[in-house]
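Asker: okay, here's the prediction I keep looking at, along with the sequence it came from:
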Amino acid sequence: MSDIISINNLSKSYLVDGNEISVLRGISFGIPAGQFVAIMGPSGSGKSTLLYSLGLLDRPTSGEYFLDSKETSKLDDKQLAKIRNEKIGFIFQSFNLLRRTSVYDNVRVPLVYSKVPEEKHKEMVLNALESVGLDKKLFKKQPSQLSGGEQQRVAIARAVINNPAIILADEPTGNLDSKSGEMVMKVLQDLNKKGHTIILVTHETSTSEYAERIIHLLDGAVDSDKKVSGRRYIGEKEYSK
């Protein structure tokens, strides 16, 4: 199994009031294709900054980042945007859905920026919703008409509609109750079983235990990198609201 992500001595710093603030300090690791990885660490440890760097939403200050064997620092913004849309799906704690837009149009947003013919959009949206346990009867509803768990699953459907190799999730259960959070983790586990590489940022130990590997950050550096023993699995069952 080859590494779909490989970073070497990755660092990120910001200039604040004339002072350089280091957020990431020489991080190196590889992630094989199809692995489910959790990134943990206290507030301010650099978890989200690392995730945004991996998702090509933020450029590192120094170091190497190979995505699917391609060194990303040499790519321009247009090339990075193309890779993001084709290879990476994003899931956020706050869902980031368009509030006054239907479920259908929320899920198909990535298709608008792709070359997929419009006549194929409906079928792809339906397949994406089915993959996260939601029905097409939600097509015309707006996010405000859905539960938190349903909104997050709509967000996941949007993230996977282009069948990205990598799914990045930033605290995806942070705004959910325990039952809805479990449903979201079941969706992520199912996607991982289908071959998607999952990288999850979380501060919750119970959530990280669904992963097969945990990378713990401290002060912007890797403090530990361990395989999970006794990984948690959710048994097959129907989704419920």
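Answerer: Cool, got the structure.

Asker: which helix in the chain has the most residues?
Answerer: helix 178-193 (DSSP state H).

Asker: tell me the helix or strand right after it.
Answerer: Toward the C-terminus, helix 178-193 is succeeded by strand 197-201 as the next helix or strand (DSSP states H and E).

Asker: for the next helix or strand after that following strand, output the C-alpha coordinates as PDB.
Answerer: Past strand 197-201, further along toward the C-terminus, the next helix or strand under DSSP H and E is helix 205-208. Presented in PDB, the C-alpha positions along helix 205-208 are these (Å, rounded to 0.1, in the frame of the first residue of the first chain):
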ATOM      1  CA  THR A 205     -11.000  10.300  22.500                       C
ATOM      2  CA  SER A 206     -14.200   8.300  21.900                       C
ATOM      3  CA  THR A 207     -14.300   9.700  18.300                       C
ATOM      4  CA  SER A 208     -10.700   9.000  17.600                       C
END
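
Asker: can you give the distance of helix 205-208 from its chain's centre?
Answerer: Distance of helix 205-208 from its chain centroid, counting by C-alpha atoms, centre = their mean, to the nearest Å, is 16 Å.

Asker: I'd like the average pLDDT over that helix.
Answerer: Average pLDDT, helix 205-208: 90.

Asker: do stretch 114-122 as well
Answerer: 88.

Asker: what sits against the closest residue to Ile4 other than its chain neighbours?
Answerer: Spatial nearest neighbour of Ile4, chain neighbours left out: Ala33 (4.1 Å); criterion: C-beta to C-beta, 6 or more residues apart in numbering. Backbone N, C-alpha and C define where each C-beta goes, glycine included. Neighbouring residues of Ala33 by C-beta atoms under 8 Å, 6 or more residues apart in numbering: Met1, Ser2, Asp3, Ile4, Ala165, Gly195, Thr197.

Asker: now do 10 Å
Answerer: Met1, Ser2, Asp3, Ile4, Ile5, Asp68, Ala165, Ile166, Gly195, His196, Thr197 (C-beta atoms under 10 Å, 6 or more residues apart in numbering).

Asker: same check on Glu64?
Answerer: With C-beta under 10 Å, 6+ apart, Glu64 has these contacts: Ser6, Ile7, Asn8, Asn9, Leu10, Ser28, Glu71, Thr72, Ser73.

Asker: and the residue nearest in space to the middle of the chain, how far from Thr72?
Answerer: In the chain, the residue lying closest to the centroid (C-alpha atoms, centre = their mean) is Leu168, at 1.6 Å. Here Leu168 is placed at a distance of 14 Å from Thr72 (C-beta to C-beta, to the nearest Å).

Asker: just Gln151 next, same as before
Answerer: Counting by C-beta to C-beta, the gap from Gln151 to Thr72 is 31 Å.
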